[in-house]
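> Just the structure for this:
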Amino acid sequence: MENYKPVFHITGEKGWINDPNGIIKFRGKHHVFYQHHPYSCVWGPMHWGHVISDDLKKWEYLPYALVPGDEFDKDGCFSGTSIVINDTLYIMYTGFINHENPEKIRQIQCLAKSSDGIHFTKLGAVITEKELPDAYKTCDFRDPKLVYKNDEYLCFVAAKKKSGGGSILLFKSKDLQHWSFVNDVLTHNSEGGMIECVDYHEDLGLLIYSEQDFPKDNPHCLNIHSCEYELGKLNDEGKFIPNKEKTLLDYGFDFYAPQVMNKDHYLIAWMDMWDRNNPSDKYGFAGMLTVPRKVTIEKGKLVQTPLIYGDLDCIVGFENVYYGHLSVGTLHLSLTDLKALSIDLRMGKDEVTKFYLKGDEFFFDRSKSGEEIKGVETDELSLNGIRKMPYDKRKEDNIYIILDKYSIEIFVNGISMSNVVYPKENSNAFEIKLTASKAKLSIYK
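Alright, predicted model coming up:
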């Protein structure tokens, strides 16, 4: 089965994965945890899968960091965060206790620690319904994010109001064990049914979260569940004061639950989406994570720069048209005075994935990319396999296209589109057609 796996994307060794969890650098190694059901290619009782890397490109699988089964997490170890304190790695995660009566379902915040970054000891529940304000549901209270600020620990937790709508709640503690409620972080109401997977970085002024059942009033926000970011500041009362409207974080089909590594600021997300089929399940795995992307804030916008995969094969200058072959690796286009662009990727018999510029928008079309991927979205673009993102026209453009066996991640001037595709292995040709005063292509294989 290994030959069917992506070359450089993180998957579970077998079974289902979704959200990345607690990504962190500890004792010189990059640690990525993820939601994992190792016994099936569908979602089930969540374990914490675990991989480490020296370079964020080659990953080593380690034993599960967390396995459900204790009283406080008997039905799942849901998403969470990590933090290093005195050379000890702590994990805070959501313990899931299921029940046939929805009113008795519980999601509570639990703690674990490790001295070596491999073997973890559970410390039990630390934020429960006792600390949760009465206006919020005990069955939708999950995905903690830990931050150390001003000699105390802050914990952001996603929650759902009994009256409907998602929230982000802030708690504080001096010792990670005893917590008190501070405030509802957002100054606006959630537009979706539930917020998930909160991430906050004080040094970037960055708040990230995912919203379920997001309304489709944004022409670029077509997924049933979407990810957004806000830039601003957390004030002394525990309110996040944004300095601009929230912005979509990725414009592709397959992007959810992103986390950013502290200090190094590499972002990794789940490259899949709820309520879709997984053609890879016949190979024994379902789901993968995105490539790491360096995150910076420039001119009031979040900019993502991907790690480049492969070794430099050639650099070519060309006019109008370039044809080549690449199924795994990186294409980097440096363009001056771009006026028109059309790129065909993973071309083969009756198969092609298209990326093209039309007006002030880029379009991604996977309608003929290979095996069909079906979701629950019913809008015309989704049914036709299309996603689009805005183009901020400029003198110089930089485009990165990261290709793996089942994925195409595209970055235009720091804005991303993340998508899975399932073409045949021999569908590996590409063709670039453009109009620009200057074009340089770097190919990494």
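> use CA for all of it now, contacts and neighbours both
OK.
> Go through this structure and flag its longest strand.
Across the chain, the longest stretch assigned as strand under DSSP state E is strand 136-149.
> Quick check: next helix or strand after that one?
Once the chain leaves strand 136-149, the next helix or strand it forms, by DSSP states H and E, is strand 152-161.
> what angle sits between that following strand and strand 136-149?
On the basis of axes from the mean of the first three to the mean of the last three C-alpha atoms, to 10 degrees, strand 152-161 is oriented at 160 degrees to strand 136-149.
> How far away from the center of its chain is the helix or strand following strand 152-161?
Next helix or strand after strand 152-161 toward the C-terminus (DSSP H and E): strand 166-173. Taking C-alpha atoms, centre = their mean, to the nearest Å, one finds strand 166-173 lying 21 Å from the centre of the chain it belongs to.
> now the helices for the protein?
380-383 (DSSP state H).
> tell me the contacts of Leu333?
By C-alpha atoms under 8 Å, 6 or more residues apart in numbering, the contact set of Leu333 is 397-400, 439-442.
> Also Val412?
Each residue near Val412 by C-alpha under 8 Å, 6+ apart is listed here: 397-400.
> Name the member of those residues that has the highest neighbour count.
Among the contacts of Val412, Tyr400 has the most neighbours (other C-alpha atoms under 10 Å), with 23 neighbours.
> what about Ser210, how many neighbours?
Ser210: 26 neighbours (other C-alpha under 10 Å).
> For the closest residue to it other than its chain neighbours, give me its contacts.
Leaving aside its sequence neighbours, Ser210 sits nearest to Cys227 (C-alpha to C-alpha, 6 or more residues apart in numbering; 4.2 Å). Cys227 is in contact with 208-211, 248-250, 255-258, counting by C-alpha under 8 Å, 6+ apart.
> ditto for Asn413
Going by C-alpha under 8 Å, 6+ apart, the list of residues near Asn413 reads 303, 397-399.
> returning to what we had before: could you redo the contacts of Cys227 as a markdown table and give each row pLDDT and distance to Gly44?
Converted to a markdown table, the contacts of Cys227 look like this (pLDDT from 0 to 100; distance: C-alpha to C-alpha, whole Å):
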| residue | pLDDT | distance to Gly44 |
| --- | --- | --- |
| Ile208 | 97 | 26 |
| Tyr209 | 96 | 23 |
| Ser210 | 95 | 21 |
| Glu211 | 92 | 21 |
| Leu248 | 94 | 29 |
| Leu249 | 96 | 27 |
| Asp250 | 97 | 26 |
| Phe255 | 97 | 20 |
| Tyr256 | 97 | 18 |
| Ala257 | 98 | 17 |
| Pro258 | 98 | 21 |
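> Take these and keep only those in strands.
Mapping the contacts of Cys227 onto strands (DSSP E) picks out 208-211, 248, 256-258.
> so which of those is the most crowded?
Using other C-alpha under 10 Å as the neighbour criterion, Tyr256 leads these with 30 neighbours.
> Correct me if wrong: it contacts Leu267.
No: Tyr256 is not in contact with Leu267 according to C-alpha atoms under 8 Å; the separation is 11.5 Å.
> Wait, Trp59 touches Ile52, no?
Yes: the criterion here is C-alpha under 8 Å, and Trp59 meets it with Ile52 at 5.5 Å.
> Tell me which of these two has more neighbours.
More crowded of Trp59 and Ile52, by other C-alpha under 10 Å: Ile52, with 23 against 18.
> Which pLDDT value does the model give the nearest residue to that one once chain neighbours are set aside?
Once flanking residues are discounted, Ile52 sits nearest to His31: 4.6 Å by C-alpha to C-alpha, 6+ apart. Predicted confidence (pLDDT) for His31: 98.
> so what's His31 up against?
22-25, 50-53.
> so how far is Lys438 from it?
As judged by C-alpha to C-alpha, to the nearest Å, His31 and Lys438 stand 41 Å apart.
> picking up where we left off before, pick out whichever of the contacts of Val412 sits closest to His178.
Tyr400 (46.0 Å; C-alpha to C-alpha).
> Please identify the buried residues of stretch 221-235?
Buried residues in stretch 221-235, counting neighbours by 16 or more other C-alpha atoms under 10 Å, are found at 221-234.
> start to end distance for it?
End-to-end distance for stretch 221-235: 29 Å, by C-alpha to C-alpha.
> Give me the distance from it to the chain's centre.
For stretch 221-235, the distance to the chain centre is 12 Å (C-alpha atoms, centre = their mean).
> What mean pLDDT does it get?
Taken as a whole, stretch 221-235 has a mean pLDDT of 93.
> can you check stretch 414-424 too?
Regarding stretch 414-424, the rounded mean pLDDT is 97.
> okay, and for the stretch 101-250 of the chain, where does confidence drop off?
Residue ranges of the stretch 101-250 of the chain with pLDDT under 70: 215-218.
> center of this structure - which residue?
Nearest to the mean C-alpha position of the chain, counting by C-alpha atoms, centre = their mean, stands Ala269 at 1.7 Å.
> so who does it touch?
Counting by C-alpha under 8 Å, 6+ apart, Ala269 has contacts 19-20, 255-259, 289-290.
> Tabulate those in CSV, adding columns for distance to Lys433.
Converted to CSV, the contacts of Ala269 look like this (distance: C-alpha to C-alpha, whole Å):
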residue, distance to Lys433
Asp19, 36
Pro20, 36
Phe255, 28
Tyr256, 31
Ala257, 34
Pro258, 33
Gln259, 35
Leu289, 30
Thr290, 27
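> how deep is the residue lying closest to Val42 once chain neighbours are set aside tucked in, by neighbour count?
Nearest non-adjacent residue to Val42, counting by C-alpha to C-alpha, 6+ apart: Trp16, 5.6 Å away. The tally of other residues near Trp16 (other C-alpha under 10 Å) stands at 25.
> which one of the contacts of His31 is nearest Asn419?
Of all the contacts of His31, Asn419 sits closest to Ile23, with 21.6 Å by C-alpha to C-alpha.
> need the contact list for that closest one.
30-33, 81-82, 259-261.
> Save these as TSV, and put in distance to Phe72 too.
Below are these laid out as TSV (distance: C-alpha to C-alpha, whole Å):
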residue	distance to Phe72
His30	28
His31	25
Val32	23
Phe33	20
Thr81	17
Ser82	19
Gln259	25
Val260	27
Met261	27
